[in-house]
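Engineer: Below: sequence and its predicted model.
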Amino acid sequence: MKLNRLINIFLLASFLLSCNSSEECREETDVKMTVDFMTRTLDTKSGIYKNAVLIIDSLTVKGLDSDSLIYNNSKKVKSIALPLRIGNTETAFEFRINNITDTLYFQHSNNDQYFISLECGCVVTHEILGVSTTAHFSDSIIINNKDVNNIETTHIQIFN
Amino acid sequence: MWATFSVSAQKQTQDSTKVSEKLFRNFRIEADMVPLAMLALGNNEIYSFEGAVQATFLGKYYPVFEAGFAGADKTADNNIHFKTAGPFARIGLDFDVMKPKPGKKPTNNHFLAGVRIGYSAYSYQLNNVNVTQDYWNETITRNYTNIEAQNAWFEIVAGIRVEIIPKLYMGWSVRNKNRFGETTPGEFHSYYIPGFGKNKSSNWGVNYSIGYMF
């Protein structure tokens, strides 16, 4: 009978359409400031200084006024990712680079309305407004990209 | 426009030996039965009620207006609570792709295929939006109420309508919905769009309609 066939096709269609995908967060929600270590090398041919990646033999990093280490005596490091504060507009880190200690202060704004999805919620993104250092190891710091969000890129370059 | 219609109407009257087609023949009012089935199945996260008016022009054009009210109320695994509700409307045109068999009496059953443009203006809320920074041991919680939104989309629709007893029709439609525009990264967007479904670039939908022909 025609009506029966109609209902069967409908039931099949609804079954196919009811297969829901799972609803866990699959997007990147890690917001970290990426710091690269750099050095300037003299190109003997042209006589021009060029930027080169610097590999740190031993690196320990922790937040200022914090006890837990973010990097603990890590070897052969050229790039690190650091968490900025979401309830404060200044974040400070203590770096120990090959037994030289530097404190770096980052001034930043916090945007708590960066929405990813219902499953992932919001993340707090930052805009780096300024950097200062005690300059024992690092002689200059460049803000390569001031926008810190869930997209991976180099934000800060520390030069030795 | 009207002149063209009447010219083609005359042509059809001359060509056709069976029925002379009036510009406007009749219209059918329909209600979608799917939301009732969803309620019966215990799905109370999402609801969507809709009805339609479809007219017959020149015996082969079926302009249609669909309207409804839909909403969603969902708490995600991360405890964010989302809620929305709003009206929606679609306008479109169907064609009967079933050619009457020669020598047979034409039936009132249709195999319809067509397009729709859909639109919804609605508001939604996101409550208990938590962000935690584990290393610094910082947490912020925000509630966003009454975010205004609007979306438009187009649909490709196919379905059948069968006259089960005189004037009373039953049938189903399957539709592929495609949202206009893209969501900007970082910007708030609704989990659910009334009349469209979950906020993806494309969705499937199904209706099971009961209608009456006037």
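Structural biologist: Good, I have the coordinates. Numbers count the residues shown, from 1 in each chain, chains lettered A, B, ... in the order given.

Engineer: What about residue 118, how many residues nearby?
Structural biologist: Just going to use chain A. 25 (other Cβ atoms under 10 Å in any protein chain shown). All C-beta atoms are positioned from the backbone trio N, CA, C, and that covers glycine.

Engineer: meant chain B, my bad for not saying
Structural biologist: Using other Cβ under 10 Å: residue B:118 sits among 24 other residues.

Engineer: With adjacent residues omitted, what lies nearest to it?
Structural biologist: Excluding the flanking residues, the one nearest residue B:118 by Cβ to Cβ, 6 or more residues apart in numbering or on different chains is residue B:90, at 4.1 Å.

Engineer: cool, and residue B:187?
Structural biologist: Nearest to residue B:187 is residue A:115, by Cβ to Cβ, 6+ apart, at 6.5 Å.

Engineer: Name all residues that make contact with that neighbour.
Structural biologist: Under the criterion of Cβ atoms under 8 Å, 6 or more residues apart in numbering or on different chains, the neighbours of residue A:115 are A:121-122, B:126, B:186-189.

Engineer: following the helix or strand where it lies, which helix or strand shows up next?
Structural biologist: Per DSSP states H and E: residue A:115 is located in strand A:100-117. Counting by DSSP H and E, the next helix or strand C-terminal to strand A:100-117 is strand A:121-133.

Engineer: partners of that next one, with directions?
Structural biologist: strand A:100-117 (antiparallel), strand A:147-148 (antiparallel) (DSSP bridges).

Engineer: looking at those strands, which is buried most?
Structural biologist: strand A:147-148 (a mean of 18; mean count of other Cβ atoms under 10 Å in any protein chain shown).

Engineer: Give me the contact list for it.
Structural biologist: A:31-33, A:84, A:108, A:125-128, A:155.

Engineer: Could you rerun that using 10 Å?
Structural biologist: Strand A:147-148 is contacted from outside by A:31-34, A:82-84, A:106, A:108, A:110-111, A:124-128, A:153, A:155-156, using Cβ atoms under 10 Å, 6 or more residues apart in numbering or on different chains.

Engineer: What is the distance between whichever helix or strand comes after that strand and the centre of its chain?
Structural biologist: Counting by DSSP H and E, the element after strand A:147-148 in chain order, helix or strand, is strand A:156-159. Chain-centre distance of strand A:156-159: 14 Å, with Cα atoms, centre = their mean, to the nearest Å.

Engineer: Quick one: list the elements packing against strand A:156-159.
Structural biologist: With contacts taken as 3 or more Cβ pairs under 10 Å, 6 or more residues apart in numbering or on different chains; DSSP states H and E, strand A:156-159 sits against strand A:33-42, strand A:49-53, strand A:79-82, strand A:100-117, strand A:121-133, strand A:140-143.

Engineer: Which positions in that strand come out as buried?
Structural biologist: Within strand A:156-159, the residues that qualify as buried by neighbour count (16 or more other Cβ atoms under 10 Å in any protein chain shown) are A:156-159.

Engineer: so where's the chain uncertain?
Structural biologist: Going with chain A. A:1-22 (pLDDT under 70).

Engineer: um, chain B though
Structural biologist: For chain B, the ranges with pLDDT under 70 are B:1-21, B:106.

Engineer: what's the residue in it sticking out farthest from the centre in contact with, if anything?
Structural biologist: Within chain B, the residue lying farthest from the chain centre (Cα atoms, centre = their mean) is residue B:136, at 48.0 Å. Residues in contact with residue B:136 (Cβ under 10 Å, 6+ apart) are A:63, A:65-66, A:83-88, A:91.

Engineer: Next up, the contacts around residue B:155.
Structural biologist: B:66, B:90, B:92, B:114-118, B:173, B:175-178, B:195-196, B:203, B:205.

Engineer: What subset of these is buried?
Structural biologist: Of the contacts of residue B:155, these count as buried by 16+ other Cβ under 10 Å: B:66, B:90, B:92, B:114-116, B:118, B:173, B:175, B:177, B:195-196, B:203, B:205.

Engineer: if I look at residue A:77, how far off is residue A:54?
Structural biologist: For residue A:77, the distance to residue A:54 (Cβ to Cβ, to the nearest Å) stands at 9 Å.

Engineer: Now do the shared contacts for these two.
Structural biologist: With Cβ under 10 Å, 6+ apart, residue A:77 and residue A:54 have common neighbours A:37, A:97.

Engineer: I'd guessed residue B:68 sits against residue B:122; true?
Structural biologist: No: with contact defined as Cβ atoms under 10 Å, residue B:68 does not reach residue B:122; the gap is 11.9 Å.

Engineer: joint contacts of those two?
Structural biologist: Joint contacts of residue B:68 and residue B:122 (Cβ under 10 Å, 6+ apart) are B:86-88, B:194-195.

Engineer: Buried subset of those, written for PyMOL?
Structural biologist: Per 16+ other Cβ under 10 Å, the buried members of the shared contacts of residue B:68 and residue B:122 correspond to this PyMOL selection:
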select buried, chain B and resi 86+88+194+195
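
Engineer: can you pull the contacts of the most centrally placed residue in chain A?
Structural biologist: By Cα atoms, centre = their mean, chain A has its centre lying nearest to residue A:32, at 2.3 Å. Residue A:32 makes contact with A:70, A:80-84, A:126, A:148-150, A:152, A:155, B:135, according to Cβ under 10 Å, 6+ apart.
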